Every structure is written in structure tokens, then in C-alpha cells.
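Enquirer: Take this sequence and fold it.
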Amino acid sequence: MSTVVIDPITRIEGHLRIEAETNSSGMITKASASGTMVRGIEIILKGRDPRDAWAFTQRICGVCTVVHALTSVRAVENALGYAIPTNARHIRNLMMGTQLVQDHVTHFYQLASMDWVNVVSASQADATATSNLQKCTSGWHKNSPAYFEAVRQKLAGFIAGGQLGLFGNAYFDHPAYKLPPEMNLMLFAHWLEALEWQRKVLRVHAVFGGRNPHPNFAIGGVPCTFNMSPNAAGVLVPTPGTTGVDQTGLDLVQGCITEIREFVAKVYRPDALALGAHYKDWFGRGESLGNFLTFGEYPQDDSANISSSLFVPRGAIIGRDLSNVQPVDLRNPDEVQEFVTHSWYDYSLGKNTGLHPFQGETTLNYTGPQANYQNLDVNQSYSWVKAPRWKGNAMEVGPLARVLMMYATGNRTARDHVDRALRDLKLPFSAMYSTMGRMLAQSIDAHLVADELQVWFNQLTANVAGGDFRTHNAAKFDPATWPATTQGIGFTEAPRGALGHWLAIDSGTIANYQCVVPTTWNAAPRDAAGNGGPYEKALVGHVLAVPDKPLEVLRTIHSFNPCMACAVHLFDPQPNETLNVTVSA
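Expert: Predicted coordinates for the structure are as follows:
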């Protein structure tokens, strides 16, 4: 038996260590996922004003910079029974949806594509053949031979000058790379385009939240106002002497939505399908658990219970059974629980006890290795990530969970996207439960939300045109009106999956705060029963063609889009190795 260690395995927000035990055939028989930094936001928040919590939790992550702020705001509003105006609901949906689509595109190109795309091969591509490939793939306008030749020459210059940079520490000589040079060049060109695209479309956050990253939020609504009022002819015009979102700002948002939808439909989705067609064997590898969980997102009406009408429904699927979507109660102490049996934390009731987040504890107890290169004792505690469970089950969260949930609950558009993709690829539905299935589901998730952005924007502008300019509800902002003690739950569907914040308020300050985030679900270590989380389960059965170049492990772990800052929250100030792969007998 040999042990392959990859530390860190993530391209951003690192701090994830994978140890994979292999047999004599190079097959992974056991995998362990370790979060290598301590989390601490929950401790920092105790005793603070709950109205400030969103600004702290938003800094958990610099990648998906909207999700923790919105979840925190919702937790406080839930605790106080705080309703928000219709315009605020639409704006929040637009900000969340923009974040999700931008994050998916960034993950596919900047964070995962180099597991599948060989940029060295791309430098040898024929530009005319690449142009013809692009024209056959979609109607994207950047498709001329001259365009692709310019990209090819730029890339060839990097290679010749020894300046591959962030592409330099890769396994491009690995036999698992299958794409022809022309497809490599096309996808590399889109890698470059995605950088510029994501910068432009995030202006939606600047219009409604003042900036990006970390746009502003507000308890009771959104912090922006509308600088619009009807003139004598009934046309909305800027109000003299005031500031706020005007027609120019709305036009900018409309332009961003148009760019989002076009790039997703003509670049991202076709690329994901093309990638899947060349790596069809990966539709049979990397299944995790067959259990999927969503908390839901994108409220569709102004009811006090925002979980009652969601574009992405809340629910649980166990054992691939899409015919039986089970309801999820985030307040029920017997449903969501976190375990620390194999985590570097202690619970007052013992390490084998599961705690609902309302009773959650953050008591650190590091007992792991003292040296960087010492293997983990996976029979003891081995991660700073806790092990959340739903009714005792380890659950996968993320784009695949959302797409399956929408498919199972009858969303016709989601069904059409999934069925058409599988039909084009000539694959059974079971192919979705795989490494490449996650990549495909992510593109479908982005497409669904990108199209819905236009719906939400139309609803917002229609509401404003009807004379409703309200964006904030000032009621209950005075702590003197609050209950002496109260609890609240905030939730969202972050790009990487189900995200929940559980909050307890006592005498106007935070008494307890617990975050259970997507990568906590997916990167969870084993629980008291010895059951591993999605990462650990998904790696078992992989055969490493080249043990000291474990590309197969990277492909499956990266398909989950890990973000360890969300799972552990604080960083180690000591410099460490940026990459260390070891194989020990």
C-alpha cells in the first residue's frame, strides 16, 4: 500500500490536504480530506451587534463575496420577523444570481479547466481549424482564424520564454489529457475571455451594492435607493439634488445581464458539453454518496416565510431516489447536526455527539501533526472541518444537488437542459452522478440562473415603473423593540452549495453564531460511525496512472469547486509550501 499526499489541492482558497491510500494496482482504496486551517469567525462574532454580523461574515471568503453577507442578513431578519420590500427582494436575487453565474464561469475556466485542457498542446494548434471548430460549436462572434492565431502566438511566446506562470506547475505530459490541439486552443482563448467577462458583469454589484468585492448589504432591505420620479409626462427621470440608481444604472445592469446570458449560452455551455464529449469515461467516475441537499434560493414572493416559494427548492434526496424529495427543517435539532469525532474541536457533551447549529460550539483542540510533511493519523482527529450530517446522512451539496432537486421537483426548463445534454452525449441519467456530471450540472445551473436574471430584472423595473421605489424597511431597527432573546436562521444556495447561518441574540448582542457552509458538507471528515464525506467517498476507486502526478484526484476534487476559506475561515500567518506531492510506501 502507498499513500499519495496532495497539499494543498485547491487553486484558490487553499488549505485542503488530500491523503489517498492506494493498492498495488494504483487504485485508491481510502481517502481522507483535511482542512488545514482553524475557523474562528463564530468566536469573533460573540458579543457583537447582530446588525454588524454581515460585514464580518462576508469576509469569510473573497471569492463568493455576496453569499455570507446575504445569509447573515437573512438570519437577523428571521430572528426579528423582519420583512423586506419587493424591490429589495428583486435586487438581492439579481446580486446573488450574478455572483453564482460569475463564480461558475470562473471555476470552469480559471480553476478547473487546466485539469482537462493542455495549454502546451494548444500552442501547436492550427488557427484555421480552430476557427472552424468554434463556428461548429456555437455562434460566438470571436471565431476568426486571425483571432485564434493571435492567441496561439501569445501562448507560444509564453512557452518559449519559460513564462507559463500559473500554468507552469501542471501535469501537461500526463497521458490522461485527450483534447486535440485545436480544442485546447479554443478553450484557452475562452479562458482569457472569461477573465475580462467576469470583470465587466460584476458591475451589477457596484450598481446595487456600491462595490465589488464585498458589496454593501443592509438589514431590512438593500442599501441603495432609486433616484427616479415621474415628470409631467409620466416618464421616470432623475430627481434633482438626489443620488441613487437611475435609468443609466438600470441600463448598465441590463447590459450586464445580456452579456452574462450570451457568454453562458454561446461559450460556457458549449464548452462544457464539448469537454464532456471528449472525456465521456469521466461520466462513470467520481460518484460520492447519492445523497443531495439544498437549502433553496431566490424567493419568488414577499411572504414572511421566504422558504415557501423559491426558484431553487429546499429538500433532500437520499440514495439517488429522485421520486422522493424529503422536506428539510433547518430548525429541527434532529436534522442538521455537526460532528467533531475526527475534527480538531471538542464538544462539552463529547466528541461523538452531534450538535444542531443553534447549540453549536467552537472549542479548538489541535492534536494533529506538528511537521508539515508528517502524515495524518486518520484514526483520530485530522481536520479543522467539522462533519455536518442531515438526519445522520453525509450529503453532497452544490450545482449537481440543485439541478437534481429542480429536475426532481418538476422544473421543466431544468429537465429540458439535462435531458437534451444527456441525449446529445448519448449517456444515461446515471452519468450525472459523476465527476463530469458535476461539471455539466454546473453549466446547467449557470444557464438556468442566467436566464432567470432577465426575469427578475424585468420584475424590478416593472415595479419601479409602477411607482414603487422602496428598497428598505426601517421598522425594528431599534434594539429596544427586539425580544430579550431570539434565534434566527439565514440560508442561501452559494455557488458551491447549501449555506446556513444560525444566530442566537441575547439582550441585543450575539450570544452564539454558527456557519455550516458548502465545503463543510463536501469536505467533511469521517463521523462517529466512520462514514466519510463526499470528497472522501468520491475518490475511492480511482486508479492513478502516474502516482506522483495524481491528476485523477485533482479532477474529481476540483469538480466540487472547493473553497476552504468558507469551511475554516481564518488563515495561518506562517509561510508554507505552495505545492507538495509525496508518495510513501
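
Enquirer: If we go by neighbour counts, what in the longest helix seen in the chain is buried?
Expert: Once the chain is assigned using DSSP state H, the helix that runs over the most residues is helix 435-465. Using 16 or more other Cβ atoms under 10 Å as the test for burial, helix 435-465 gives 435-454, 456-457, 459-461, 463-464. All C-beta spots, glycine's among them, are computed from the backbone N, C-alpha and C.

Enquirer: Same question for stretch 35-52.
Expert: Per 16+ other Cβ under 10 Å, stretch 35-52 contains these buried residues: Gly35, Thr36, Met37, Val38, Arg39, Ile41, Glu42, Ile44, Leu45, Pro50, Arg51.

Enquirer: Take those residues and lay them out in CSV including pLDDT, secondary structure and distance to Phe292.
Expert: Converted to CSV, the buried residues of stretch 35-52 look like this (pLDDT from 0 to 100; DSSP: H, G, I helix; E, B strand; the rest coil; distance: Cβ to Cβ, whole Å):
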residue, pLDDT, secondary structure, distance to Phe292
Gly35, 90, strand, 22
Thr36, 85, coil, 27
Met37, 82, coil, 27
Val38, 78, coil, 29
Arg39, 66, coil, 24
Ile41, 86, helix, 27
Glu42, 90, helix, 26
Ile44, 90, helix, 32
Leu45, 94, helix, 30
Pro50, 95, helix, 31
Arg51, 93, helix, 34
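
Enquirer: Name the nearest of the residues you listed relative to Asn231.
Expert: When the buried residues of stretch 35-52 are compared for distance to Asn231 (Cβ to Cβ), Arg51 wins out at 37.1 Å.

Enquirer: what about the closest residue to the closest one other than its chain neighbours, how many residues close to it?
Expert: Computed as Cβ to Cβ, 6 or more residues apart in numbering, the closest residue to Arg51 that is not its neighbour in sequence is Ile219, at 5.3 Å. Per other Cβ atoms under 10 Å, the neighbour tally for Ile219 reads 23.

Enquirer: Same question for Leu310.
Expert: Residues near Leu310, counting by other Cβ under 10 Å: 18.

Enquirer: sec struct for Ile6, please.
Expert: Put simply, Ile6 is strand when judged by DSSP: H, G, I helix; E, B strand; the rest coil.

Enquirer: For beta bridges, what are the partners of the nearest residue to it once chain neighbours are set aside?
Expert: Nearest residue to Ile6 in three dimensions, chain neighbours excluded: Ile18, at 4.8 Å (Cβ to Cβ, 6+ apart). The partner list for Ile18 in beta bridges (DSSP bridges) reads Ile6, Ala33.

Enquirer: isn't Ile18 right up against Thr556?
Expert: No. Ile18 is beyond contact range of Thr556, at 9.8 Å (criterion: Cβ atoms under 8 Å).

Enquirer: hey, what's in contact with both of those two?
Expert: Leu539 (Cβ atoms under 8 Å, 6 or more residues apart in numbering).

Enquirer: Who are the contact partners of Gly508?
Expert: Contact analysis of Gly508 by Cβ under 8 Å, 6+ apart lists Asp49, Pro50, Pro479, Trp482.

Enquirer: I misspoke; the intended subject was Ala127.
Expert: Ala127 neighbours (Cβ under 8 Å, 6+ apart): Pro145, Ala146, Phe148, Glu149, Arg152, Leu185.

Enquirer: hmm, 10 Å instead?
Expert: Contacts for Ala127 (Cβ atoms under 10 Å, 6 or more residues apart in numbering) come out as Ser144, Pro145, Ala146, Tyr147, Phe148, Glu149, Ala150, Val151, Arg152, Gln153, Glu182, Leu185.

Enquirer: Arg269: what secondary structure?
Expert: helix.

Enquirer: For the residue nearest to it when sequence neighbours are not counted, list the residues it contacts.
Expert: Leaving aside its chain neighbours, Arg269 sits nearest to Ser443 (5.1 Å; criterion: Cβ to Cβ, 6+ apart). Going by Cβ under 10 Å, 6+ apart, Ser443 touches 104-105, 108, 264, 268-273, 275-276, 399, 403, 417, 421.

Enquirer: Secondary structure and distance to Asp246 added to the contacts of Gly508, as TSV?
Expert: Formatted as TSV, these follow (DSSP: H, G, I helix; E, B strand; the rest coil; distance: Cβ to Cβ, whole Å):
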residue	secondary structure	distance to Asp246
Asp49	coil	32
Pro50	helix	33
Pro479	helix	34
Trp482	coil	35
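
Enquirer: which of those residues lies closest to Ala316?
Expert: Checking these against Ala316 with Cβ to Cβ, the nearest one is Pro50 at 28.8 Å.

Enquirer: I'd say the closest one and Ile219 touch.
Expert: Yes. Pro50 lies in contact with Ile219 (Cβ atoms under 10 Å); the separation is 8.1 Å.

Enquirer: Quick check: neighbours shared by the two?
Expert: By Cβ under 10 Å, 6+ apart, the residues touching both Pro50 and Ile219 are Ser72, Val73, Ala75, Val76, Leu80.

Enquirer: possible to save these as JSON lines with secondary structure and neighbour count?
Expert: Shown next, in JSON lines, are the shared contacts of Pro50 and Ile219 (DSSP: H, G, I helix; E, B strand; the rest coil; neighbours: other Cβ atoms under 10 Å):
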{"residue": "Ser72", "secondary structure": "helix", "neighbour count": "30"}
{"residue": "Val73", "secondary structure": "helix", "neighbour count": "27"}
{"residue": "Ala75", "secondary structure": "helix", "neighbour count": "28"}
{"residue": "Val76", "secondary structure": "helix", "neighbour count": "26"}
{"residue": "Leu80", "secondary structure": "helix", "neighbour count": "22"}
